[in-house]
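Participant: Fold the stuff below for me.
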Amino acid sequence: MKYRTLQGSDQKISEIGFGLWTVSTGWWGTYTDDDAVKLMRLAADLGINLFDAADTYGNGRSEDLIAKAFPGAERERIVIATKVGYDFVNHGDGRRGQKEIPQNFSPSAIRQAVDAALSRLGTDHIDILQLHNIREEQVHDDALWEVMEDLRAEGKFRHGGIALGPAIGWLGEGASAIARRKPDVVQHIYNLLEQEVGSALHKTAEATAAPTKFLIRVPHSSGMLEGKYTADTVFPPNDHRNHRPKSWLINGVKKIEQLRFLERPNRTMGQAAMLWLLNDPRTLSVLPNIYDAEQIKEFAATSECPPLDDSEMERIRELVTGHFGLEPEEHKYKGDMELPAELASLLH
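Facilitator: Residues are numbered from 1 along each chain as shown. Below is the predicted model:
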């Protein structure tokens, strides 16, 4: 395993992390606490030290799982990232699937949420605290950012940032926050098949001289880039991928077949997809969707694989630019997918 750092910190963060979303929410199958803890401890034994939770994942369950997996002095083995902003205490019982619940970013609510998260985690500090799916309103809310600075000064977290949509906003909010607030960390969706938004956010950080580094989620495009789907793949009844159109599966498989050149005897498609992201020095860590032990072993070994060479990177660029020879797909977003005018001019 290789490790990266944030500006102003010597804390080593594994370039492959463990997102608790899969094992705590029920959207990727059902895991008992024992199942989840075994996977988390295996990951740590293989060098993964970043565990990314959210207070709303399973209504506090993801944070409880971290405390169970790494109690007492074992907390020092890991880097804890979590998120606050959703009012699951008052509205969590009404959640159905991935349906969004109300948020509360008032200073008092954020303070209460951080204290509650610390209690569930069984620790006195959070390493990376993220505001969960903020809107433009929160980007411009000075009171919110002031309470974040107060909480940092009190030692309740070390590094701050945001986690982004995409269902409720992504590009506009992320770019505005990077330019205006220069957060330590931004978490967002980015992968070889879905590059547009992630690329723009990374370019925004570069253009505005922000120290921001990125936590990358959905690096395998909901599993597509693991290279194991076929046109006949059937997902379990409660799996969120069942809500995607059939064309997503058919076109995705066609794209993967054109990317098979990335596979080698000592590098899988899934590892190559993460190496593509790690080629960017602004990537802090990649958070693959983890759901079994064999997958953890594969992903944790990514650092040992041969990196993508220049010719492979160029071939990827050509395929993506040409839409893999397929009809361009229309993407539907619910949030602000326009860059602020002043940033658009900087990037172009």
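Participant: Span of stretch 115-130 from start to end?
Facilitator: Using Cα to Cα, to the nearest Å, the end-to-end distance of stretch 115-130 comes to 14 Å.
Participant: what's in contact with it?
Facilitator: Under the criterion Cβ atoms under 8 Å, 6 or more residues apart in numbering, residues 11, 52-55, 60, 63-64, 66-67, 71-72, 75, 79-84, 89, 114, 148, 151, 155-163, 184-185, 187, 215 lie in contact with stretch 115-130. Backbone N, C-alpha and C define where each C-beta goes, glycine included.
Participant: Please spell out which residues along it are buried.
Facilitator: Residues of stretch 115-130 classed as buried: 117-118, 120-121, 123, 126-130 (neighbour count, 16 or more other Cβ atoms under 10 Å).
Participant: wait, which of those residues is closest to Pro107?
Facilitator: Nearest to Pro107 among the buried residues of stretch 115-130: Leu129, at 14.1 Å, using Cβ to Cβ.
Participant: Direction included, what does the helix or strand harbouring the closest one pair against?
Facilitator: Following DSSP states H and E, one finds Leu129 within strand 126-132. If you go by DSSP bridges, strand 126-132 pairs up with strand 79-84 (parallel), strand 157-163 (parallel).
Participant: For the last one, the averaged confidence score.
Facilitator: Per-region confidence: strand 157-163 scores 97 on mean pLDDT.
Participant: Alpha carbons of it, in PDB - could you do that?
Facilitator: Once non-C-alpha atoms are left out, strand 157-163 reads as follows in PDB (Å, rounded to 0.1, in the frame of the first residue of the first chain):
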ATOM      1  CA  PHE A 157     -11.600  17.400  13.600                       C
ATOM      2  CA  ARG A 158      -8.300  17.900  11.800                       C
ATOM      3  CA  HIS A 159      -9.200  18.400   8.200                       C
ATOM      4  CA  GLY A 160     -12.400  19.800   6.700                       C
ATOM      5  CA  GLY A 161     -14.200  19.600   3.400                       C
ATOM      6  CA  ILE A 162     -17.300  18.700   1.500                       C
ATOM      7  CA  ALA A 163     -18.900  15.600  -0.100                       C
END
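Participant: Relative to Pro166, how far out is the most centrally placed residue in the chain?
Facilitator: The C-alpha lying nearest the average C-alpha coordinate of the chain belongs to Arg217 (Cα atoms, centre = their mean; 2.8 Å). From Arg217 across to Pro166, the span is 10 Å (Cβ to Cβ, to the nearest Å).
Participant: related to what we said a few turns ago, need the winner for burial among the strands paired with strand 126-132.
Facilitator: Counting by mean count of other Cβ atoms under 10 Å, strand 79-84 has the highest mean neighbour count of the strands paired with strand 126-132, with a mean of 26.
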